[in-house]
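Q: Please work out how this folds:
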Amino acid sequence: MAAPKPRPSILAVEPYVGGESKIPGVNRIVKLSSNEGAFGTPPGAAAAIAAMAQEAHRYPDGGAQALRAAIGARFGLDPARIVVGNGSDELLALLILAYGGEGTELVMSAHGFLMYEIAGTWAGCRVIKVPERNLTADVDGLLAAVGPRTRIVMLANPNNPTGSLLPAPEVARLRAGLREDVLLVLDAAYAEYVTRPDYDPGAALVDASPAGNVVMTRTFSKVFGLGGMRLGWAYAQPPVVDVLNRVRGPFNVNAAAMAAGIAALAEPGWVERSVAHNTEWRARLAEGLRAAGITVWPSEGNFVLADFGAPARARAADEALRARGLIVRAMGAYGLPGCLRITVGTGEECTMVIEALAAFMRAGPAHGRG
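A: Down below sits the predicted model:
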């Protein structure tokens, strides 16, 4: 009997698998697999979520006017050029579906965020993954990969999962080297954690690109502690804003998420305290792992990439952590099978990771190197 069939590109998609949160038989779990904020949810945002329970029967504001105004005020941006989404993942997918499609190409770095490849495949694009230099996006390589059918270039900056960063002049050089009809999407999910002076998350380049061929996306899932609410936003020129508003759902962001986002933006000192903690403990975590003999790649996010040199060694390290209730993220799906990505948690959690991996390294080659 014949059955309905989806487009062939849909069946080529490998479903995204998020970071684990449970280990069978282990009571106390320390989840460091999803790059969630170390301090949880801002108190004001938690109160806003609870208060919205009494209004759950009401439809949300489909235009998210109050939230867009709050984002604009916080970051000095025009609210009319902001679109909010059900996480930045939704907006990234909508951009790829709207500007890509069958017969087009999407260019990304080899170890870029998995959702680019998934959404690109879903849309029917040919996805071109460009080798990196020292786990950092190669601007010259990206430009060389662009062909007549290329419509989108995706760049996470800082990149997930490597933590690497392209300074603003390099991103500007990338944009300058692309055709006018190629959309450059700058995914700045970890922007708040960057303290380098040569960084711009993308708003300046959007403003400098009147043709509407640059988009910046941001999220509330990291420093603002709202991963469970699924809230993100994009900043773009009016033509792209118009496209996103045409293709997104009419009520794509729920009322509780919008209320939580407004409250999180207003939480006194939250971002400053979170960034200071991350800067301190990212360095301590990296230093502790390096002292144990583990290679740690430089990171500008709220995570580090620990390189064990071989897939078997990384798997053994992962098992050693799991035995202590510590969940981190294996990187095989990103083409980095010898690595583990470790979120910067609380000071206690980072210390637990350092101690566990130091013990693992002292145990020697019995854990395998092949």
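
Q: CA atoms of the strand or helix carrying Glu348 as PDB?
A: Here Glu348 sits within helix 347-362, counting by DSSP states H and E. Extracted C-alpha coordinates of helix 347-362, given in PDB (Å, rounded to 0.1, in the frame of the first residue of the first chain):
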ATOM      1  CA  GLY A 347      32.800  27.000  41.100                       C
ATOM      2  CA  GLU A 348      32.000  23.700  42.900                       C
ATOM      3  CA  GLU A 349      31.000  22.000  39.600                       C
ATOM      4  CA  CYS A 350      34.100  23.200  37.800                       C
ATOM      5  CA  THR A 351      36.200  21.900  40.700                       C
ATOM      6  CA  MET A 352      34.500  18.500  40.500                       C
ATOM      7  CA  VAL A 353      35.300  18.300  36.800                       C
ATOM      8  CA  ILE A 354      39.000  19.200  37.400                       C
ATOM      9  CA  GLU A 355      39.400  16.600  40.100                       C
ATOM     10  CA  ALA A 356      37.600  13.900  38.200                       C
ATOM     11  CA  LEU A 357      39.700  14.400  35.000                       C
ATOM     12  CA  ALA A 358      42.900  14.800  37.000                       C
ATOM     13  CA  ALA A 359      42.200  11.400  38.500                       C
ATOM     14  CA  PHE A 360      41.400   9.900  35.100                       C
ATOM     15  CA  MET A 361      44.600  11.200  33.700                       C
ATOM     16  CA  ARG A 362      46.700   9.900  36.600                       C
END
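
Q: ok, Phe75 - how many residues close by?
A: When neighbours are counted by other CB atoms under 10 Å, Phe75 registers 15. (C-beta placed from N, C-alpha, C; glycine too.)

Q: Could I get the contacting residues of it?
A: Ala203 (CB atoms under 8 Å, 6 or more residues apart in numbering).

Q: Local confidence estimate at it?
A: Predicted confidence (pLDDT) for Phe75: 98.

Q: Please list the residues outside the one helix or strand Ala119 maps to that contact it.
A: Counting by DSSP H and E, the element that carries Ala119 is helix 114-123. Contacts of helix 114-123 with the rest of the structure, by CB under 8 Å, 6+ apart, involve 9-10, 12-16, 89, 92-93, 96-97, 100-102, 104, 106, 108, 127, 129, 152, 154, 156, 333-334.

Q: Take those residues and keep only those in strands.
A: With DSSP state E as the criterion, strands contain Leu106, Met108, Val127, Lys129, Ile152, Met154, Ala156 from among the contacts of helix 114-123.

Q: Report the two members of those separated by the largest distance.
A: By the measure CB to CB, Val127 and Ala156 form the most distant pair in the ones in strands among the contacts of helix 114-123, at 14.6 Å.

Q: who has more neighbours, the two?
A: Between Val127 and Ala156, counted using other CB under 10 Å, Ala156 has the larger neighbour count: 28 against 19.

Q: which residues does the more buried one contact?
A: Ala156 touches Ser109, Gly112, Phe113, Tyr116, Asp187, Ala188, Ala189, counting by CB under 8 Å, 6+ apart.

Q: so the longest helix seen in the chain versus helix 347-362, what angle?
A: Identified as the longest helix of the chain according to DSSP state H is helix 270-291. Orientation of helix 270-291 against helix 347-362 (axes from the mean of the first three to the mean of the last three CA atoms, to 10 degrees) gives an angle of 10 degrees.

Q: Closest to Ala204 out of the contacts of Ala156?
A: Of the contacts of Ala156, the one sitting nearest to Ala204 (CB to CB) turns out to be Ala188, at 11.6 Å.
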